[in-house]
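[1] Task: produce atomic coordinates for the following.
(one chain, ligands or ions: 2)
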Amino acid sequence: MSDDPPWFRRLSDGVLAVVLAPRCLACGTSLDAPLAGPVCLSCWRSITPITPPFCRTCGDALPTWRGLDLVSGTCARCRRQPSALACARAVGAYEGVLRQLIHCLKYEGRRTLAAGLGGMMRERGREVLEGADLVVPVPLHWRRQHARGFNQAEDLARWLGPPLVRALRRVRATSPQVGLSASRRRHNVRGAFAAPRRGLLRRRRYDAKLRSACVVLVDDVSTTGATLQACAEALREGGAREIRALTAARALSTPR
Ligand SMILES: [Zn+2]
Ligand SMILES: [Zn+2]
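    Numbers count the residues shown, from 1 in each chain. Ligands and ions are numbered 1, 2, ... in the order given. So this is what the prediction gives:
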């Protein structure tokens, strides 16, 4: 990350650790190497991946292998309703340290965390990113983006590799998805996203980028996947060939 000679970095880390005594954002222990970021190594290591059995399409973790169709590798929900997403993956479950760090990024504006989280998304989402032409962050409504000052999905998307394109806009504000049932969430976000405005020069530029592209949608958390589905439908209308999704976390055991 730094071009400084290792001895200088060690020395600076030592001085910072003594003078400022910064603490890990997640566990609160003193950081030995503050230059490496605001989270200690053991907290990063505690973020474990979602382990099999999980659905090959939506990435949902299943309690037993019995819920999985052995031929297609998909869960009952994906077999029942075809998804606009070819596949969806996350770094880990939305709990513990991962949940804490996403909160710090989103609500406390600790934007430097996006580098570490994005790096993990890149590593654990290799399968999703392979062969992708672009990454598209899930947009915030302009009013929320204005209030927060940044879009956390965009901060994460920057670290994934493929070019970032803001190919979506939120055409209406939606109430927060927290606390809503799966069907209410779907209803809440239906038609909330669209490709950039028709008729403008920008639109033509986006059309060319999206047409026949393999796109990876990026967000911080996926709960029922309703937001990602709504975005994927808008991207498909915009001409994308294949749409995948990669999120930092995935909420597990949501009511269907
Ligand atoms: Zn820690
Ligand atoms: Zn599934």
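
[2] Look up which helix or strand residue 176 falls in, please.
    Secondary structure here is read from DSSP states H and E; on that basis residue 176 sits in neither a helix nor a strand.

[3] Tell me how many other residues surround the closest residue to residue 96 other than its chain neighbours.
    In space, not counting the residues next to it along the chain, residue 96 is nearest to residue 46; the distance is 6.8 Å by CB to CB, 6 or more residues apart in numbering. Placement of C-beta: from N, CA and C, glycine included. Residue 46 has 14 neighbouring residues, counting by other CB atoms under 10 Å.

[4] Residue 170 versus the residue in the stretch 101-250 of the chain positioned nearest to ligand 2, what's the distance?
    At 8.7 Å from ligand 2, residue 225 is the closest residue in the stretch 101-250 of the chain, using CB to the ion. With distances taken as CB to CB, to the nearest Å, residue 225 is found 17 Å from residue 170.

[5] quick one, which of these two is more surrounded?
    Of the pair residue 225 and residue 170, residue 225 is the one with more neighbours under other CB under 10 Å, namely 27 against 22.

[6] Not counting its neighbours along the chain, what's nearest the more buried one?
    Distances taken as CB to CB, 6+ apart place residue 58 nearest to residue 225, at 6.1 Å, with adjacent residues excluded.

[7] Contacts only, for the one you found.
    74, 75, 77, 78, 83, 85, 87, 88, 225 (CB atoms under 8 Å, 6 or more residues apart in numbering).

[8] Show me where the chain has its strands.
    Defined through DSSP state E, the strands belonging to the chain, from first to last, are 87-93, 134-137, 169-170, 193-194, 214-222, 242-250.

[9] Compile those into a markdown table and extend it with columns for mean pLDDT and distance to residue 208.
    Compiled in a markdown table, the strands of the chain are given as follows (pLDDT from 0 to 100; distance: least, CB to CB, whole Å):
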| stretch | mean pLDDT | distance to residue 208 |
| --- | --- | --- |
| strand 87-93 | 96 | 25 |
| strand 134-137 | 96 | 12 |
| strand 169-170 | 88 | 17 |
| strand 193-194 | 84 | 17 |
| strand 214-222 | 97 | 14 |
| strand 242-250 | 97 | 17 |
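
[10] Please list all residues in contact with residue 57.
    With contacts defined as CB under 8 Å, 6+ apart, the neighbours of residue 57 are 73, 74, 75, 78, 83, 85, 86, 87, 88.

[11] oh sorry, the question was meant for residue 217
    In this structure, residue 217 makes contact with 85, 135-138, 228, 231-232, 235, 243-246, judged by CB under 8 Å, 6+ apart.

[12] who does it bridge with?
    For residue 217, the residues forming beta bridges with it (DSSP bridges) are residue 136, residue 245.

[13] Could you number the chain from 58 rather than 1 from now on?
    All set: I'll call the first residue 58, so the last point we hit is now residue 274.

[14] sorry, back to before: can I get the contacts of residue 115 in JSON lines including distance to residue 276?
    Formatted as JSON lines, the entries for the contacts of residue 115 read as follows, by distance: CB to CB, whole Å:
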{"residue": "131", "distance to residue 276": "21"}
{"residue": "132", "distance to residue 276": "20"}
{"residue": "134", "distance to residue 276": "19"}
{"residue": "135", "distance to residue 276": "19"}
{"residue": "140", "distance to residue 276": "15"}
{"residue": "142", "distance to residue 276": "12"}
{"residue": "144", "distance to residue 276": "15"}
{"residue": "145", "distance to residue 276": "10"}
{"residue": "282", "distance to residue 276": "10"}
